[in-house]
Each structure stands twice: as C-alpha cells, then as structure tokens.
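A.B. asks: quick one, structure for this:
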Amino acid sequence: MSLAYIFPTNLEHAGLKIKFLGQLKALSKKYYVRSHYFNYLTSDNLIKKLCLYLWFEIKSCLFIMVSSRVYIRYNPKSIFTNCFSILFSIFKPIYLEHNSILSNELPFINRTIENQIHALFYWLFKYFPFSHVSVTKEIKNHLMSLGFKSDQIMYIQNGYLPPDKNEQFVNQSLIERVKSFQHSYQKLAIFVGNGYSWHGIQSLISITEQFPDLGFIIVGPYNINENHKNLMYTGKQSPETISQLYKMCFIGIGSLNFKSIQLTEACPLKTREYLANGLPILVNYKDCASDIPELSPYIFHLDLESPQTTMSIIMNQSFDHHNIQSLALSKLSWETLLADI
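C.D. replies: Numbers count the residues shown, from 1 in each chain. Sure thing, here's the model as predicted:
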C-alpha cells in the first residue's frame, strides 16, 4: 500500500529535518512512501522560491491522486495541496497533522493574510472526512471547540529519532571552552533554540544570577548583551557539536514564553532531543512527554516567579542519564507513536 507523506516546509530548521526523517523512516516500514517537502533555501531569490513552490504544489497534488493514503503536515500556505486534500478526502484516508494553534500564532508574528487563509481552510476541513492528528491535547480541544468531530481527531505527540552524525563537524574549540567553563560550576544546564520570541531567552537570563553554582549554556542565534559570569553563549552550532554539549550537562531547559502565543501545553522537538540524550527537562508549561508515565519523573516545572524551589530540588538530585535516554528512545519512537496511521 502506498502513502504520500507531504511536508510543506523546507528542511533548513534542524529540528524539522529530524522530524521529517524520523516520520519518514517509521512510515516507510509500513508503506511504500512517496515523500515530498519544500525544496528551497531562505537565501534563494523570490522567483526561484515561487517556481519551487509551484513545483511543490504540482507534485503534492499528483502524489495525493496516485497514493492509497496521504499524511500531510498542515500548512495554510500550501493552498493547492490543501484544496486537493479536501477533494480526495472523500475517496481515501487523509491525515492532517496540526502542530500549533495558528489562530494565536499567526497574528502574533503579524501574518494577517495567512491567518485569514488558515481560517477559511479550517472552516472547510470540518465538513470533510479527514483524520486530524493533533500533537497536543490542547490543540485537540481547540479543534473540537471549532466544531471538528472528536472521533476524527487523534492525539499523537511528537517523537524523536536520533539523526546520523559526522564527528568531523564537531566544533572542538568550543568543546574545550565549555570544558573550561564547566570547572567553575557544580553542574551545567543547557538551552538550545532557533531564535523564536516564545523561547523566552530573557526569562532564562533573568534567573541565571540567582543560581551561582549552576552554569548555563545558551545555543542558538540570539543577540545577548547581558554579561553574567555563569552564562555562556555559543551562538548557532552543528547538531554534532550540540550532541557533545549534552554529554557535559545535567538538564535541558525548554521554551519559557509559550504564553505569548497562548499555549499552556506543547511537545517541542527540542525537549524530546534533551530526553533522548539522557537529560531531564525543565519547563514552565505542560510538556506532552509527561503523559508517558515512564518519562514523567524527569520533567520539572519551573515557576519563573519563584524558581528557587524547583531548582533546589533538581540540584540535589542525581540522574541515571543512560536510563532516561533508553526510556525516551523507546517511548518516543516514531514507530510506536505512528502505529495507528
């Protein structure tokens, strides 16, 4: 049986590339998969992007027509793909994966027209026999509040498959700097991100000076002017380098400003990466990994108003990082999570 796996975004974002390859590998064990994604670079000129966008839409529509089943990561910008999926949902199983509450997110990043297109598609979707895949229970409840039928919504949180790594891309000079930095502190905590405002970097920086025995490492394209003795900013790094940094840390810090896009629950790929590298996670929202009983003990909630309580509990604990890694790789396996697709 064939399945079209349509991923309407490019793969420059390392986390999205890891998700695409992980889902693709899992689905390929059950189906003959025709996979497709936006194959452009952010640096490409507008004409090239437009041509590649049109080619993406044409190829996606062809895949929808000829495949027995279809799995699409919903994106309101893929207009023809969405329209074709509406038409063919009458004739074959089509799964739409919803990764965010876009009616909150798009106005926040000033994408008014895209939000209007999104509202139109959501109005149409609820009248057709799709299977909707919600990556959080909060998104599932949001869909139901809009009139989507509950028996058409599946809750499948994000999983994780470790990517292949090439050790030649490890930034050895940075690793040596971090080792030197590590000597000054009892333990190290790490935050890895891609520059989004809801990551809450300023909230993280504001609490660093309250914990002088804990070293903080921030990885990603952030403009940080503050100078705190126990804060090390590395800039953007390769996945191979980040993997080496995880080995020197004892906890991973998740996004701290999801409230800016009105989310109280999330399952970011980054926290799955932390867990899959043996790190417990520190968050100030409900991470969906806590729905998995075996992983719940390694998820700690941080109250930004009074972080001392949580941090003192964490600092006094020791973790079996190999056990956390083993549990995460098993429970967050894409093969396990996508078993019902």
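
A.B. asks: where do the helices of the chain begin and end?
C.D. replies: Counting by DSSP state H, one finds helices in the chain at the ranges 14-28, 46-66, 79-88, 102-108, 112-125, 137-145, 172-182, 201-208, 239-246, 269-276, 308-315, 321-331, 334-337.

A.B. asks: would you mind writing the CA trace of the last one as CSV?
C.D. replies: Output in CSV follows, covering the C-alpha atoms of helix 334-337 (Å, rounded to 0.1, in the frame of the first residue of the first chain):
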residue,chain,number,x,y,z
TRP,A,334,8.1,7.3,15.8
GLU,A,335,7.3,3.7,15.0
THR,A,336,5.4,3.4,18.4
LEU,A,337,3.6,6.8,18.1
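
A.B. asks: show me what contacts the residue nearest the centre of the chain?
C.D. replies: In the chain, the centroid-proximal residue (Cα atoms, centre = their mean) is residue 269; its distance is 3.1 Å. Contact analysis of residue 269 by Cβ atoms under 8 Å, 6 or more residues apart in numbering lists 15, 16, 18, 19, 158, 160. Every residue, glycine included, has its C-beta placed from N, CA and C.

A.B. asks: since we're on the residue nearest to it when sequence neighbours are not counted, how many residues are nearby?
C.D. replies: Closest residue to residue 269 apart from its sequence neighbours, by Cβ to Cβ, 6 or more residues apart in numbering: residue 15 at 4.0 Å. Residues near residue 15, counting by other Cβ atoms under 10 Å, number 19.

A.B. asks: please read off the pLDDT at residue 15 from the model.
C.D. replies: Here the pLDDT value assigned to residue 15 is 83.

A.B. asks: so it makes contact with residue 194?
C.D. replies: Yes. Counting by Cβ atoms under 8 Å, residue 15 does reach residue 194; the two are 7.3 Å apart.

A.B. asks: before we move on, the earlier item: most neighbours per residue, which of the helices of the chain?
C.D. replies: Of the helices of the chain, the one with the most neighbours on average (mean count of other Cβ atoms under 10 Å) is helix 269-276, at a mean of 24.

A.B. asks: now do it against helix 14-28, angle only.
C.D. replies: Counting by axes from the mean of the first three to the mean of the last three Cα atoms, to 10 degrees, helix 269-276 lies at 70 degrees to helix 14-28.

A.B. asks: report the distance from helix 269-276 to the chain centre.
C.D. replies: Between the centre of helix 269-276 and the centre of its chain there are 9 Å (Cα atoms, centre = their mean, to the nearest Å).

A.B. asks: still on that earlier bit, nearest to residue 252, out of the helices of the chain?
C.D. replies: Nearest of the helices of the chain to residue 252, taken as Cβ to Cβ: helix 269-276 at 3.0 Å.

A.B. asks: before we move on, the earlier item: JSON lines for the helices of the chain, including distance to residue 229?
C.D. replies: Formatted as JSON lines, the helices of the chain follow (distance: least, Cβ to Cβ, whole Å):
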{"stretch": "helix 14-28", "distance to residue 229": "30"}
{"stretch": "helix 46-66", "distance to residue 229": "44"}
{"stretch": "helix 79-88", "distance to residue 229": "51"}
{"stretch": "helix 102-108", "distance to residue 229": "34"}
{"stretch": "helix 112-125", "distance to residue 229": "43"}
{"stretch": "helix 137-145", "distance to residue 229": "38"}
{"stretch": "helix 172-182", "distance to residue 229": "10"}
{"stretch": "helix 201-208", "distance to residue 229": "9"}
{"stretch": "helix 239-246", "distance to residue 229": "19"}
{"stretch": "helix 269-276", "distance to residue 229": "24"}
{"stretch": "helix 308-315", "distance to residue 229": "17"}
{"stretch": "helix 321-331", "distance to residue 229": "26"}
{"stretch": "helix 334-337", "distance to residue 229": "41"}
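
A.B. asks: per-residue pLDDT, the nearest residue to residue 165 once chain neighbours are set aside?
C.D. replies: Sequence neighbours aside, residue 240 is the residue nearest to residue 165 in space, at 4.8 Å (criterion: Cβ to Cβ, 6+ apart). Looking at residue 240, its pLDDT is 91.
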